[in-house]
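J.: Predicted model and sequence follow; I will ask about them next.
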Amino acid sequence: MTRTHRLKTAVAGFVAAGALALGATAQALTIDAGVFAVGNGDAANPVVRTVSQTGGFFLDTINFDLGSFTHFNMTSTHNLSNFFGVPIFENNNDTEVVGAALSFTSQPLADLGLSRDYHLHPSGIGAAGGSYTLTMWGSSAPPVPLPAAAWLFGSGVIGLAGLARRKMMTNA
């Protein structure tokens, strides 16, 4: 019994030492990307944030507000890091609304009425001297194309109207 107890104690000690070693190299930065607007945070002038890594685990926070935009876009590049991903959270209840990805294209996000509605959590395991860059911008809803079925239906209605008019002309 004492041999099992000693083994469990040794394993628990190794786990605790590993957690302390990893915790000592963890990075957690909070960065403000501001409020996106035309000229600062649009497609022509995106907000770019580059973060250097100290090595080990990192879980950073980047706060942003879409301003008058309704959709979020982001691309990322990273070097000397593993398992890199960026989920989107809302600042209201710190709830994840979009899972981790390397980029987002026209991701709709509602205005929550906060000073910074959303935040990103870039995370992964990085080496000392590594870095990642996020390029972010807001956009309006993309235009919805008129489907071919609507054109076909419209031309059919015009054809029926023409037939009805012709019938009325012959009856008169």
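T.: Arrived safely, thanks for sending. What you see is a predicted model, and the numbers here were worked out from it, not measured in a lab. Numbering: from 1, shown residues only.
J.: Could you use CA atoms for every contact and neighbour count after this?
T.: Fine.
J.: lowest average confidence, helix or strand, in this structure?
T.: In the chain, the helix or strand scored least confidently by mean pLDDT, DSSP states H and E is helix 2-24, which has a mean of 50.
J.: give me the low-pLDDT residue ranges for this structure?
T.: Filtered on pLDDT under 70, the chain yields the residue ranges 1-26, 142-144.
J.: what's the nearest residue to residue 95 if we skip its chain neighbours?
T.: Once flanking residues are discounted, residue 95 sits nearest to residue 89: 5.3 Å by C-alpha to C-alpha, 6 or more residues apart in numbering.
J.: One more: residue 134?
T.: Per C-alpha to C-alpha, 6+ apart, closest to residue 134 is residue 76, 4.6 Å.
J.: same question, residue 99
T.: Once flanking residues are discounted, residue 99 sits nearest to residue 87: 4.8 Å by C-alpha to C-alpha, 6+ apart.
J.: The strand ranked longest in the chain: what's the following helix or strand?
T.: If you go by DSSP state E, the chain has its longest strand at strand 71-90. Going down the chain from strand 71-90, the next helix or strand is strand 95-101, by DSSP states H and E.
J.: Touching that following strand from outside, list them.
T.: The contact list for strand 95-101 (C-alpha atoms under 8 Å, 6 or more residues apart in numbering) reads 85, 86, 87, 88, 89, 90.
J.: Can you pull the phi/psi pair for residue 154?
T.: With angles defined as degrees, to the nearest 10, residue 154 shows backbone torsions of phi -60, psi -40.
J.: cool, residue 157 as well?
T.: Torsion angles, degrees, to the nearest 10, at residue 157: phi -60, psi -40.
J.: Over to the one 5 residues further on?
T.: Taking degrees, to the nearest 10, you get phi -70, psi -40 for the backbone angles of residue 162.
J.: Then the one 4 residues further on?
T.: Here is the backbone geometry of residue 166 (degrees, to the nearest 10): phi -60, psi -40.
J.: Against residue 93, how distant is it?
T.: As judged by C-alpha to C-alpha, to the nearest Å, residue 166 and residue 93 stand 64 Å apart.
J.: If you drop the residues flanking it in sequence, what lies closest to residue 32?
T.: residue 63 (4.9 Å).
J.: looking at it, the residue nearest to residue 99 is touching residue 121, isn't it?
T.: Yes - the criterion here is C-alpha atoms under 8 Å, and residue 87 meets it with residue 121 at 5.7 Å.
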